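>>> Generate a structure from the sequence data that follows.
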Amino acid sequence: MGRVTAQDLEAAARALRAGELVAFPTETVYGLGADARNPSAVRRIFAVKGRPARHPVIVHLHDIGQLPHWARDVPPEAQRLAEHFWPGPLTLVLPRAATVDDSVTGGQDTVAVRVPSHPIAQALLATFQGAIAAPSANRYGRLSPTRAEHVREELGDAVKVVLDGGDCPIGLESTIVAFQYGGARVLRPGRITAGEIRAIIGELGMGADPTSPRVPGSTAAHYAPLTPLSIVPAEQIDARSATLAGLGRRVGVLAWREPLAAHASVTWVSAAAQPQQYGHDLYANLRALDKCRCECILVQDVPAGEAWAAVRDRLRRAAAGSASESPQGEMP
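Okay, here's the model as predicted:
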């Protein structure tokens, strides 16, 4: 577990029992955790993040054996997914057990649960001996943290303990699958693809429908940098950045190749051309561009295909979020 010691884990578990907040790494992103059985502690998560109370949070369990304490009437298909993908980056949305508080579910009759695979998350859950409610450890709607320093920079002293596990291995949030009215739907794409899920359970819907529950990270504007972000067609990225540079604008660019020409006022980040590595680096790259005091960020559109689905989803929401929530030209 690297730099996290048994003493660190005990301190984090004590903080959770005392109703404090703890940030910890998962294989996806860093979570901002509270005792899932303590409604006042869970509400502190919402206060610190600035998160609307009707948005549910994911309950992190140590193992599949805890599932009956949180969900009822678990469909056989959901059980098969849990057995196949847990521990791992899959969140299941299921009918909630009678004892689950509204603070966790956003007032809905469903609960979002998963078993993380990160060794520090697993060790913390074992030491705490309870479930941990944890959205991402950042301000609501902003870039998720994939390093401990991201949490400290954004949330500061509001978090009692930050367990530093280095970079999160995946770097994008979990796949969310909801079960309702006898069917399953992917409500948020992630590392586990729709094709992999269909291979286990067969028929699978894509995206929310009018009956779908609210789930984390599903709003149109989310995962956004402070700097306004636009997605640019792949073949136009050089021309668009050169035009803005010619107008004296400071521009940040995230692309999956090197630029054709350099410009003094353009900060160009060349991301990986492979989807998993691109996703792993995405939030760290956008945070770096946020710090460059650029007037805008241009992101080269990513390729089509299922392998890029999670990245496309996050970029689309980031573009909507930076446009709707950030004043034009705001500097971080």
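
>>> All the helices of the stretch 151-300 of the chain, in order from the start?
Taking DSSP state H, counting those that start in this stretch as the criterion, the stretch 151-300 of the chain contains helices spanning 194-201, 237-246, 275-290.

>>> could those helices go into CSV alongside distance to residue 67, mean neighbour count and mean pLDDT?
Placement of C-beta: from N, CA and C, glycine included. Shown next, in CSV, are the helices of the stretch 151-300 of the chain (distance: least, C-beta to C-beta, whole Å; neighbours: other C-beta atoms under 10 Å; pLDDT from 0 to 100):
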stretch, distance to residue 67, mean neighbour count, mean pLDDT
helix 194-201, 16, 15, 98
helix 237-246, 45, 18, 96
helix 275-290, 27, 21, 97
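
>>> Pipe those helices into JSON lines and attach distance to residue 121 per row.
Shown next, in JSON lines, are the helices of the stretch 151-300 of the chain (distance: least, C-beta to C-beta, whole Å):
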{"stretch": "helix 194-201", "distance to residue 121": "22"}
{"stretch": "helix 237-246", "distance to residue 121": "37"}
{"stretch": "helix 275-290", "distance to residue 121": "17"}
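
>>> For residue 20, find the nearest of these.
Among the helices of the stretch 151-300 of the chain, the nearest to residue 20 by C-beta to C-beta is helix 275-290 (25.3 Å).

>>> picking that back up, out of the helices of the stretch 151-300 of the chain, which is closest to residue 228?
Proximity to residue 228 (C-beta to C-beta) singles out helix 275-290 among these, at 10.7 Å.

>>> Give the other helices and strands that the closest one contacts.
Contacts defined by 3 or more C-beta pairs under 8 Å, 6 or more residues apart in numbering; DSSP states H and E place helix 275-290 against helix 148-155, strand 251-255, strand 266-270, strand 296-300, helix 309-325.

>>> what packs against the last one?
Spelled out, it's helix 309-325. Applying 3+ C-beta pairs under 8 Å, 6+ apart, we find helix 309-325 packed against strand 229-232, helix 275-290, strand 296-300.

>>> Save the ones you listed as a markdown table, and put in distance to residue 143 too.
Shown next, in a markdown table, are the helices and strands packed on helix 309-325 (distance: least, C-beta to C-beta, whole Å):
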| stretch | distance to residue 143 |
| --- | --- |
| strand 229-232 | 10 |
| helix 275-290 | 5 |
| strand 296-300 | 11 |
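
>>> so which of the helices of the stretch 151-300 of the chain gets nearest residue 145?
Checking these against residue 145 by C-beta to C-beta gives helix 275-290 as the closest, at 7.3 Å.

>>> which residues are in contact with the closest one?
Defining contact as C-beta atoms under 8 Å, 6 or more residues apart in numbering, one finds that helix 275-290 is touched by 29, 143-147, 150, 167-172, 191, 223, 225-227, 229, 252, 254, 256, 267, 269, 271-272, 297, 302-303, 307-308, 310-311, 314-315, 318, 332.

>>> Quick one: buried ones out of these?
With burial judged by 16 or more other C-beta atoms under 10 Å, the buried subset of those is 29, 143-147, 150, 168-172, 191, 223, 225-227, 229, 252, 254, 256, 267, 269, 271, 297, 302, 307-308, 310-311, 314-315, 318.

>>> For residue 131, which non-adjacent residue is closest in space?
residue 36 (4.1 Å; C-beta to C-beta, 6 or more residues apart in numbering).

>>> so who does that neighbour touch?
42, 59-60, 104, 130-133.

>>> same deal with residue 191?
Contacts of residue 191 by C-beta under 8 Å, 6+ apart are 28, 89, 170, 172, 174-175, 276, 279, 310.

>>> Phi, psi for residue 304 please.
phi -70, psi 170 (degrees, to the nearest 10).

>>> in stretch 172-184, what's buried?
Within stretch 172-184, the residues that count as buried by 16+ other C-beta under 10 Å are 172-180, 184.

>>> Report the mean per-residue pLDDT for that stretch.
Here stretch 172-184 scores 91 as its mean pLDDT.

>>> now it: how far from the chain's centre is it?
Relative to its parent chain, stretch 172-184 has a centroid offset of 15 Å by C-alpha atoms, centre = their mean, to the nearest Å.

>>> Start and end of stretch 158-167, how far apart?
End-to-end distance for stretch 158-167, by C-alpha to C-alpha, to the nearest Å: 21 Å.

>>> And the strands in the stretch 1-150 of the chain?
Under the criterion DSSP state E, counting those that start in this stretch, the stretch 1-150 of the chain contains strands at 22-25, 30-35, 58-60, 90-95, 110-114, 132-133.

>>> can I get the ones you listed in JSON lines with distance to residue 84?
Output for the strands of the stretch 1-150 of the chain, formatted as JSON lines (distance: least, C-beta to C-beta, whole Å):
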{"stretch": "strand 22-25", "distance to residue 84": "23"}
{"stretch": "strand 30-35", "distance to residue 84": "23"}
{"stretch": "strand 58-60", "distance to residue 84": "18"}
{"stretch": "strand 90-95", "distance to residue 84": "9"}
{"stretch": "strand 110-114", "distance to residue 84": "13"}
{"stretch": "strand 132-133", "distance to residue 84": "23"}
